[in-house]
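J.: Sequence isn't available, so here's the structure alone:
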């Protein structure tokens, strides 16, 4: 079978998928008023205070969990685009020409201080991620701070001599694991609510159980996802941890590809 | 709520410690410590980390109660630094 035959088959599959997806979206939009339940907002306002002390986190991960999920995948799309444009072939292990290093330009003080400072930035970013449910911050800003720490070492020591030596594949894996933590935690809520209640709710907070659907703690293993913290925010810190991993890996990967792109000038 | 958190004390605080260690090991595993010329400043890094962790702990929700005294300390910060060092030691074996 020739390559063109495969391509034809792939085009047919893609066309059929597009038709099905378009039909589902149009049908949903056509009957959209049937899916809106006016009392939901009132219920959310009633229960949100019981979940986590930081209302922003409740809104980001509980009210608008889908929104944050979408943002996570927007970041993955940005990373894929940057990989395609600037890092062509680097995931397959192709070596490019040598990079002109910036090490000669950095002073002794910079070289002495950059690595300890990077460790502190990483630790501060993790603090922001892990305290996201009780203090201002969360997965996105925390991951960005950690990526800043990595970027500092890359700028000061250069890509070849940096002590924080991430590889492409390691960062891609971290980013994927972060997004999968978010997705699978949501699926767990879907499965648990379907089992106990009959109707599944994606991203249901199985650790807190605000609607008393799955009777947390009744069987001993249900409150497995209650984060060990005095505030008992349920799955929200785990979602923060996943988003933090995703963002730190994604932004570091973008920074790495942009630094590597300098050589082709 | 902060007094409530302080009253609960050490018992339920292992979440930030554990996940700080995990994050530190994940990132520190890729540290190539041979590139660092002056090994002497590791101790300085640890001491400064302790000071920063104490400074970050002024946020009321990070209080611990230890032997009747309230300690303000960001355990997530310090456990991440420890995690980075643990991963560096593992890599050097």
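T.: That came in fine, so what should we check first? In this text the structure is predicted, and so the values were computed from the model without any measurement.

J.: what about the chain, any weak spots by pLDDT?
T.: You didn't say which chain, so I picked chain A. Within chain A, the stretches with pLDDT under 70 are A:1-4, A:35-45, A:47-54, A:89-104, A:216-223, A:230, A:262-265.

J.: actually chain B
T.: B:1-13, B:35-38, B:58-66, B:93.

J.: And the helices in it?
T.: B:2-8, B:14-28, B:41-56, B:75-92 (DSSP state H).

J.: Turn those into TSV, columns for mean neighbour count.
T.: Where you see a C-beta, it was placed from the backbone N, CA and C, and this is true even at glycine. Listed next are those as TSV, based on neighbours: other CB atoms under 10 Å in any protein chain shown:
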stretch	mean neighbour count
helix B:2-8	14
helix B:14-28	22
helix B:41-56	15
helix B:75-92	21
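
J.: what would these look like in a markdown table with distance to residue A:247?
T.: Output for the helices of chain B, formatted as a markdown table (distance: least, CB to CB, whole Å):
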| stretch | distance to residue A:247 |
| --- | --- |
| helix B:2-8 | 27 |
| helix B:14-28 | 13 |
| helix B:41-56 | 20 |
| helix B:75-92 | 16 |
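
J.: quick one: which of the ones you listed is nearest residue A:71?
T.: Nearest of these to residue A:71, taken as CB to CB: helix B:14-28 at 20.5 Å.

J.: So which other helices or strands are in contact with the closest one?
T.: For helix B:14-28, the contact count by 3 or more CB pairs under 8 Å, 6 or more residues apart in numbering or on different chains; DSSP states H and E identifies helix A:108-130, helix A:236-260, helix B:75-92 as packing neighbours.

J.: quick one, which of these is packed in tightest?
T.: Most buried of the helices and strands packed on helix B:14-28 by mean neighbour count (mean count of other CB atoms under 10 Å in any protein chain shown) is helix A:236-260; its value is a mean of 25.

J.: Are it and chain B in contact anywhere?
T.: Yes. Using CB under 8 Å from any CB of the partner chain, helix A:236-260 reaches chain B at A:237, A:241, A:244, A:245, A:248.

J.: Specify which member of those is nearest to chain B.
T.: Set against chain B, the nearest of the residues of helix A:236-260 next to chain B by CB to the nearest CB is residue A:241 (6.0 Å).

J.: quick one: contacts for the residue nearest to the closest one when sequence neighbours are not counted?
T.: Spatial nearest neighbour of residue A:241, excluding adjacent residues (CB to CB, 6 or more residues apart in numbering or on different chains): residue B:19 at 6.0 Å. By CB atoms under 8 Å, 6 or more residues apart in numbering or on different chains, residue B:19 lies in contact with A:126, A:130, A:237, A:241, B:76.

J.: Which residues of the stretch 101-250 of chain A lie near chain B?
T.: Residues of the stretch 101-250 of chain A lying close to chain B by CB under 8 Å from any CB are A:112, A:115-116, A:119-120, A:122-124, A:126-127, A:129-131, A:134-135, A:146, A:157, A:161-167, A:170, A:174, A:227-231, A:237, A:241, A:244-245, A:248.

J.: now do 6 Å
T.: By CB under 6 Å from any CB of the partner chain, the residues of the stretch 101-250 of chain A that approach chain B are A:115-116, A:119, A:122-123, A:126-127, A:130, A:134-135, A:161, A:163-166, A:227-230, A:241.

J.: Need the max-distance pair from the contacts of residue B:19.
T.: Farthest pair in the contacts of residue B:19, by CB to CB: A:126 and A:237, 12.0 Å.

J.: List the residues that contact the one residue sitting closest to the centre of chain B.
T.: Central residue of chain B (CA atoms, centre = their mean): residue B:78, 1.3 Å from the mean position. Counting by CB atoms under 6 Å, 6 or more residues apart in numbering or on different chains, residue B:78 touches B:49, B:53.

J.: do that again at 7 Å, thanks
T.: Residue B:78 makes contact with B:49, B:50, B:53, according to CB atoms under 7 Å, 6 or more residues apart in numbering or on different chains.

J.: With distance to residue A:16 as new columns, can the helices and strands packed on helix B:14-28 be given to me in JSON lines?
T.: Output for the helices and strands packed on helix B:14-28, formatted as JSON lines (distance: least, CB to CB, whole Å):
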{"stretch": "helix A:108-130", "distance to residue A:16": "42"}
{"stretch": "helix A:236-260", "distance to residue A:16": "31"}
{"stretch": "helix B:75-92", "distance to residue A:16": "48"}
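
J.: Out of the ones you listed, which is closest to residue B:44?
T.: It's helix A:108-130; of the helices and strands packed on helix B:14-28, that one is closest to residue B:44 (CB to CB) at 7.4 Å.

J.: ok, then the element right after that closest one?
T.: Downstream of helix A:108-130, the next assigned helix or strand under DSSP states H and E is helix A:139-157.

J.: tell me which strands and helices that following helix is in contact with?
T.: Judged by 3 or more CB pairs under 7 Å, 6 or more residues apart in numbering or on different chains; DSSP states H and E, helix A:139-157 is in contact with helix A:108-130, helix A:236-260.
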